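Participant: starting from these lines, generate the structure:
(one chain, ligands or ions: 2)
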Amino acid sequence: MKFDYDLFVIGGGSGGVRAARIAAGDYGARVGLAEESRMGGTCVIRGCVPKKLMIFASQAGAAAAESRGYGWQGAGEGRFDWQVFHDKLSRELDRLEGAYGSGLANAGVDVHMQRARLHDAHTVELADGQRLSAKHILIAVGGRPQRPDIPGKELGLISDDLFTLEKLPSRVLVVGGGFIACEFATILQGLGSDTVLAYRGDAVLRGFDGEMRRHTTEQLRTIGIDVRLGTNPARLEREGADIRVSFEDGSSELFDAVMFATGRAPYTKGLGLEDAGVKLGRKGEIVVDDWSQSSVPSIFAVGDVTDRVNLTPVAIREGHSFADTVFGAKPRKVDHGLVASAVYTRPHELATIGLTEEEAEACGPADIYVASFRPMRSLFAGSDARAAMKLIVDAETDKVLGCHIFGPEAGEMIQMVAIPMGMGATKADFDAAIAVHPTLAEELVTMRKPTRRVGAAKVDKPVASA
Ligand SMILES: Cc1cc2nc3c(=O)[nH]c(=O)nc-3n(C[C@H](O)[C@H](O)[C@H](O)COP(=O)(O)OP(=O)(O)OC[C@H]3O[C@@H](n4cnc5c(N)ncnc54)[C@H](O)[C@@H]3O)c2cc1C
Ligand SMILES: NC(=O)c1ccc[n+]([C@@H]2O[C@H](COP(=O)([O-])OP(=O)(O)OC[C@H]3O[C@@H](n4cnc5c(N)ncnc54)[C@H](O)[C@@H]3O)[C@@H](O)[C@H]2O)c1
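Facilitator: Ligands and ions are numbered 1, 2, ... in the order given. Reported below is the predicted structural model:
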């Protein structure tokens with residue numbers, strides 16, 4: 001059978017663009033791609049990139065305080081002008097969007113700037129009614145923010161809205177305790193908004209190492225975020241220019257903005273997937289195998305729409321591996337077991353890879369090395385910021401199973417730790433590295449004695465503290 005394309009990609013985000021570019025550019029496939037919004041997707045337009053630029057913008061106060069601590073009398077952060085920043089941000093996003101578009105054009109990909117849906121296992125239908133056939137179809141439509149199902153939920157903002165605000169709220173409630181809640185509370189507080197973070201759990205960042213969660217929760221408080229645990233809104237109502245938030249405990253308060261950071265869900269509604277026989281999971285995610293192949297052999301899916309590990313580098317790797325496998329005769333699976341990530345909070349970032357202490361404990365005996373201290377740089381400046389570093393080591397094989405860092409540039413550090421950990425490094429390998437002094441990262445190769453041992457089997461041996 002003759003098809004219009006070898007591959008049709010729905011979604012021009014991290015995963016879709018990479019797959020299209022590799023299939024067409026490296027392997028000569030005839031590729032079409034549909035994007036309904038802006039090229040680059042969540043990461044470039046309303047995620048990682050603008051978020052991190054806002055994190056940078058929000059650090060001025062902390063940087064000025066540190067300068068004063070080093071003797072720069074009168075150093076101040078000045079007045080933040082949202083409009084100036086916002087105009088510059090828009091230009092930068094336009095530039096990146098253009099770069100993504102030209103990358104695809106240079107690779108020879110046919111781009112259709114409109115919504116697409118599945119018609120059948122080999123055909124997509126564009127919003128203008130055009131039908132295009134392809135031997136393979138890749139769904140890379142990402143996810144969408146979810147609001148909790150409470151009265152007045154439509155009054156709350158979602159992360160997409162934060163990048164297009166006309167002015168910054170002076171008093172804001174951020175709801176949730178995940179990546180986005182912690183990062184946006186950090187941003188808003190740093191840009192001058194009086195910020196309350198309401199989270200229904202007992203420490204932010206569920207799923208991370210418990211000790212690091214508690215540490216991060218406390219440290220967010222030191223920068224002035226009013227972190228309220230065990231707290232959840234029950235209703236939102238407009239009251240003049242403000243929003244009245246009634247909480248589940250019966251209390252109520254006025255805010256001039258509320259932001260829901262209560263999770264994201266795969267964006268599969270209305271795509272025609274079920275009609276084509278594509279199996280979906282409970283959250284609407286496309287169920288795929290290790291090769292990103294769905295229940296329909298000609299249809300594959302990568303990125304957030306599969307709800308595996310929802311991070312940009314993972315979507316990119318999945319897209320690239322798909323193209324290598326299907327068009328390059330180089331079968332490649334993605335190992336989702338060891339993925340590093342960072343949460344860009346202040347006073348420091350939290351970065352993590354591998355097992356948490358709780359996971360290690362469930363697997364068997366593990367030695368836990370912990371160090372918590374005030375880094376030289378901020379200590380001298382008079383800051384209360386505390387770093388924390390943690391290594392989790394298999395007590396039987398000495399293999400490093402997990403690494404967790406709350407510290408300046410922790411994201412940069414964990415990227416480097418991911419290399420030896422991916423190679424199966426032991427604690428002895430870490431210790432063999434001579435420290436770089438004075439740095440914060442040297443702690444990773446100088447933690448000599450375990451703080452404690454956890455896990456079944458050979459447990460109960462008291463271990464001296466570090
Ligand atoms: C606020 C925020 C901050 C983040 N920060 C980070 C970070 O710091 N680091 C990190 O690794 N990850 C971060 N992420 C996660 C990261 O953005 C995602 O994991 C990544 O973008 C997923 O890529 P994707 O290709 O699966 O989907 P997306 O990038 O979401 O791309 C999907 C694309 O498909 C398009 N589309 C959808 N439906 C259709 C259709 N029917 N027809 C045509 N086009 C369609 C959409 O418009 C979109 O452009 C962040 C996410 C958010 C929301
Ligand atoms: N730095 C990064 O790498 C980065 C940054 C942002 C987002 N991301 C990715 O995007 C994903 C989505 O981020 P997110 O923060 O939206 O999701 P998340 O799953 O990390 O956090 C969602 C939070 O909302 C809470 N919640 C869910 N439903 C609720 C309800 N009905 N009422 C009250 N609270 C509720 C959850 O308890 C949780 O704390 C992340 O898991 C991550 O994969 C990564």
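Participant: skipping its backbone neighbours, what lies nearest residue 27 in space?
Facilitator: residue 327 (4.0 Å; C-beta to C-beta, 6 or more residues apart in numbering). From N, CA and C alone the C-beta is placed, and that goes for glycine too.
Participant: since we're on residue 221, how many residues are nearby?
Facilitator: For residue 221, the neighbour count with other C-beta atoms under 10 Å is 12.
Participant: surely the residue nearest to residue 27 is in contact with residue 6?
Facilitator: Yes: here residue 327 reaches residue 6: they are 7.1 Å apart, a contact under C-beta atoms under 8 Å.
Participant: common neighbours of the two, please.
Facilitator: Residues touching both residue 327 and residue 6 (C-beta atoms under 8 Å, 6 or more residues apart in numbering) are 23, 29.
Participant: for residue 460, give me the pLDDT.
Facilitator: pLDDT recorded at residue 460 is 49.
Participant: swap that for residue 364, please
Facilitator: Value for residue 364, per-residue pLDDT: 89.
Participant: got the phi and psi for it?
Facilitator: phi 150, psi -170 (degrees, to the nearest 10).
Participant: in contact with it, which residues?
Facilitator: 394-396, 455-457.
Participant: sorry, back to before: and the residue nearest to residue 27, how far from ligand 1?
Facilitator: Computed with C-beta to the nearest ligand atom, to the nearest Å, the distance linking residue 327 and ligand 1 is 18 Å.
Participant: give me the neighbour count for that residue.
Facilitator: 20.
Participant: tell me the contacts of it?
Facilitator: Counting by C-beta under 8 Å, 6+ apart, the residues that residue 327 touches are 6-7, 22-23, 26-27, 29.
Participant: I'd like the distance between it and residue 9.
Facilitator: Using C-beta to C-beta, to the nearest Å, residue 327 is found at 12 Å from residue 9.
Participant: okay, now the unreliable bits of the stretch 301-450 of the chain?
Facilitator: Residues of the stretch 301-450 of the chain meeting the criterion pLDDT under 70: none.
Participant: which residues sit in contact with whichever residue of it sits closest to ligand 1?
Facilitator: The stretch 301-450 of the chain approaches ligand 1 most closely through residue 303 (2.0 Å), counting by C-beta to the nearest ligand atom. With contact set as C-beta under 8 Å, 6+ apart, residue 303 has these partners: 11, 13-16, 140, 142, 310, 314-315, 318-319.
Participant: state the mean pLDDT of the helix or strand hosting residue 85.
Facilitator: Element membership for residue 85 (DSSP states H and E) is helix 82-107. Mean pLDDT, computed over helix 82-107, is 97.
Participant: what's that helix packed up against?
Facilitator: Helix 82-107 sits against helix 14-21, helix 41-46, helix 48-57, strand 110-112, with contacts defined as 3 or more C-beta pairs under 8 Å, 6 or more residues apart in numbering; DSSP states H and E.
Participant: what about the residue nearest to residue 123 when sequence neighbours are not counted, distance to residue 292?
Facilitator: Spatial nearest neighbour of residue 123, excluding adjacent residues (C-beta to C-beta, 6+ apart): residue 133 at 5.0 Å. In this view, residue 133 and residue 292 are 21 Å apart by C-beta to C-beta.
Participant: what about residue 34, how many neighbours?
Facilitator: 24.
Participant: need the contact list for the spatially most central residue of the chain.
Facilitator: For the chain, the residue nearest the mean C-alpha position is residue 311 (5.3 Å; C-alpha atoms, centre = their mean). Residues near residue 311 by C-beta under 8 Å, 6+ apart: 339, 341.
Participant: helix or strand: which one has residue 221?
Facilitator: Per DSSP H and E: helix 210-222 holds residue 221.
Participant: if you average pLDDT over that helix, what comes out?
Facilitator: Helix 210-222 carries an average pLDDT of 98.
Participant: from the contact counts, what lies against that helix?
Facilitator: Judged by 3+ C-beta pairs under 8 Å, 6+ apart, helix 210-222 is in contact with helix 179-190, strand 226-229, strand 349-354, helix 357-363, strand 387-394, strand 400-407.
Participant: is that helix positioned near ligand 2?
Facilitator: No: Helix 210-222 stays clear of ligand 2 (C-beta under 6 Å from any ligand atom), getting no nearer than 10.7 Å.
Participant: got the angle for the helix or strand residue 65 falls within vs helix 179-190?
Facilitator: Element membership for residue 65, per DSSP H and E: helix 60-69. If you take axes from the mean of the first three to the mean of the last three C-alpha atoms, to 10 degrees, helix 60-69 sits at 60 degrees to helix 179-190.
Participant: packing partners of helix 60-69?
Facilitator: Short answer (3+ C-beta pairs under 8 Å, 6+ apart): helix 60-69 packs on helix 179-190, helix 376-381.
Participant: any idea which of these gets closest to residue 388?
Facilitator: Closest of those to residue 388 is helix 376-381, at 13.4 Å (criterion: C-beta to C-beta).
Participant: measure residue 3 to residue 319 for me?
Facilitator: Distance from residue 3 to residue 319, by C-beta to C-beta: 20 Å.
Participant: what of residue 345?
Facilitator: Applying C-beta to C-beta to residue 345 and residue 319 gives a distance of 29 Å.
Participant: which of the two has more neighbours?
Facilitator: Each of residue 345 and residue 319 has its neighbours counted (other C-beta under 10 Å); residue 319 has more, 30 against 24.
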